[in-house]
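Asker: here is the input, now give the coordinates:
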Amino acid sequence: MDLQLKGKTVMVAAASKGMGYAIALQCAREGANVSMASRDQQAITTAAAAIAAATGAKVQGYQFDAANAESIDQWVAATLNDFGNVSGLVVNAGGPPSGDFIDFTDADWQAAFELTLMSAVRLIRAVLPSMQAAGAGSVLTITSSSVKEPIDILLLSNVMRSGVTALVKSLSQAYAGQNIRFNNLLPGLIDTDRLTTLNQKRAEALAISSDEVRQQQEAQLPMGRYGQPQEFANAAVFLLSQAASYITGTTLAVDGGKMKTVW
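Answerer: The predicted structure follows:
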């Protein structure tokens, strides 16, 4: 299948490692130009160089803070200057901390709002004019299975990512006539550093090892294993591409059958 990404520019946020990196790599493999960003300049520069060397694609790493409006605008402006119009945008950010409701302060809620919901609003708002000028575009937000089945220790994420999901559905209706698509992608248990950190916290709470937490989780998965970042990236790149040209406003789970909800 020709995904028609060759020569197109895709922006991928939080891409120095994990799912973001896997998506950037797969976009480059399909011939796209990739603008990738992270809070850590050294990490994103190294990641971009590795992808460029592996694929021969034009790849550039930029430093940005998803919770900072000025930083977002600077990344978008630099990308438009260096690459021209943007065809695809992957909205992604590190998740808010885990914890109990009673322990979260107003500052915790505000920080989660800025990092998770407002990062999506600001990134999309900054990139949208470029897509409108080009007459086409695809926006993909990386959210969480918690938007369908809340996760007990991730209250901040449950709430803020649900807001992102509603935003995407609303925008998909508003901009479908301009050939700009908006979709959500939900990771289940994908084998990343983020999952490792969450498992360590869960292990401490249960007084067991992280390996035992993983074994328990994998035993409950219909496919019997964690997903790999590359498997998640395959779905992401499809939704970004013209191969998915009639798909908008959808929320796709890449979870190995973990969720039991029927919608």
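
Asker: kindly list the longest helix within the protein.
Answerer: Using DSSP state H to define each element, the chain has its longest helix at helix 155-175.

Asker: isn't E149 up against V262?
Answerer: No: E149 lies out of contact with V262 (C-beta atoms under 8 Å); the separation is 11.6 Å. The way it works is simple: take the backbone N, C-alpha and C, and place the C-beta from them, glycine included.

Asker: returning to that earlier point: ok and the next helix or strand after the longest helix of the chain relative to helix 155-175, angle-wise?
Answerer: Remark: after helix 155-175, the chain's next helix or strand is strand 180-187, criterion DSSP states H and E. Strand 180-187 and helix 155-175 are oriented at 160 degrees to each other (axes from the mean of the first three to the mean of the last three C-alpha atoms, to 10 degrees).

Asker: mind listing what strand 180-187 pairs with, with the direction of each?
Answerer: Using DSSP bridges, strand 180-187 pairs in its sheet with strand 137-142 (parallel), strand 251-254 (parallel).

Asker: just the C-alpha atoms of the last one, please, in CSV.
Answerer: In this case it means strand 251-254. In CSV, the C-alpha atoms belonging to strand 251-254 read as follows (Å, rounded to 0.1, in the frame of the first residue of the first chain):
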residue,chain,number,x,y,z
THR,A,251,-10.6,6.9,18.2
LEU,A,252,-8.6,3.8,17.5
ALA,A,253,-7.2,1.6,20.2
VAL,A,254,-3.9,-0.2,19.8
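
Asker: of the strands paired with strand 180-187, which approaches K169 most closely?
Answerer: strand 251-254 (7.9 Å; C-beta to C-beta).

Asker: ok, and what's touching the closest one?
Answerer: 143, 145, 147-148, 165, 168-169, 183-188, 190, 227, 231-232, 235, 239, 259 (C-beta atoms under 8 Å, 6 or more residues apart in numbering).

Asker: of the strands paired with strand 180-187, which stretch is the most buried?
Answerer: Among these, ranked by average contacts under mean count of other C-beta atoms under 10 Å, first place goes to strand 137-142 (a mean of 26).

Asker: contacts for that one next, please.
Answerer: 19-20, 86-92, 120, 124, 127-128, 130-131, 164-165, 168, 171, 179-185, 187, 236, 239-241, 244.

Asker: ok, 6 Å please
Answerer: With contact meaning C-beta atoms under 6 Å, 6 or more residues apart in numbering, strand 137-142 is reached by 87-92, 120, 124, 131, 164, 168, 180-185, 236, 239-240.

Asker: please apply the same query to stretch 24-44.
Answerer: Counting contacts by C-beta under 6 Å, 6+ apart, the residues outside stretch 24-44 that touch it are 3, 5-6, 8-13, 15-16, 48, 51, 55, 57-65, 75, 79, 83, 233, 237.

Asker: re the thing from before, the more surrounded of E149 and V262?
Answerer: Shown here are E149 and V262; by other C-beta atoms under 10 Å, E149 has more neighbours (15 against 4).

Asker: who's in contact with that one?
Answerer: M259.

Asker: next, it: phi, psi?
Answerer: phi -130, psi 100 (degrees, to the nearest 10).

Asker: ok, M36 next?
Answerer: phi -120, psi 150.

Asker: begin at 42 from here
Answerer: Will do, 42 is the new start, and the previous item becomes M77.

Asker: and it, how many residues sit next to it?
Answerer: Around M77 there are 31 residues (other C-beta under 10 Å).

Asker: what of S213?
Answerer: So S213, with other C-beta under 10 Å, has 19 neighbours.

Asker: and if you look at K299?
Answerer: Residues near K299, counting by other C-beta under 10 Å: 18.

Asker: same check, this time on G298
Answerer: 11.

Asker: thought R266 was touching it, still the case?
Answerer: No: using C-beta atoms under 6 Å, G298 is not in contact with R266, being 11.1 Å away.
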